[in-house]
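Engineer: below is the structure, and that's it, no one-letter string:
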């Protein structure tokens, strides 16, 4: 599966879940839907859409696992025992979501839950506006 695929969005199955919509601003909404499931991971899709037509959906990610207070997060295990993981975040900047972190714990080696290392490939300093 590649980023952008959301096979469960078109599914007629009741297990696919429902489209969830939250307000972001007076004219933007955040829509989310389950996109895929695997043995020990799931991925939800998040799109920024206009509140009125044309909705013009803009994809943020199809690998999210949570949303809270303007931050979309992704937490994916490399194996079921979670001895290696990959995480990422996207932060709302007022008009769109910007990816603000991306990291992995490296190879799966059964050292410790969550992995032995913190290997970032994208690091940002997010400051809240006043």
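Structural biologist: All right, it came through fine. Because the structure is predicted, anything quoted here is derived from the model rather than measured.

Engineer: surely residue 77 touches residue 40?
Structural biologist: Yes: contact between residue 77 and residue 40 holds when scored by Cβ atoms under 8 Å: they sit 5.3 Å apart. All C-beta spots, glycine's among them, are computed from the backbone N, C-alpha and C.

Engineer: show me where this structure has its strands.
Structural biologist: Assigned strands in the chain, in chain order: 20-23, 28-37, 42-50, 58-64, 66-68, 71-77, 85-92, 97-104, 119-123 (criterion: DSSP state E).

Engineer: nearest to residue 111, out of those?
Structural biologist: Closest of those to residue 111 is strand 85-92, at 12.3 Å (criterion: Cβ to Cβ).

Engineer: give me the sheet partners of that closest one and which way each runs.
Structural biologist: Paired strands of strand 85-92, with direction, are strand 71-77 (antiparallel), strand 97-104 (antiparallel) (DSSP bridges).

Engineer: can the ones you listed go into a markdown table with extra columns for mean neighbour count?
Structural biologist: Written out in a markdown table, the entries for those read as follows (neighbours: other Cβ atoms under 10 Å):
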| stretch | mean neighbour count |
| --- | --- |
| strand 71-77 | 19 |
| strand 97-104 | 18 |
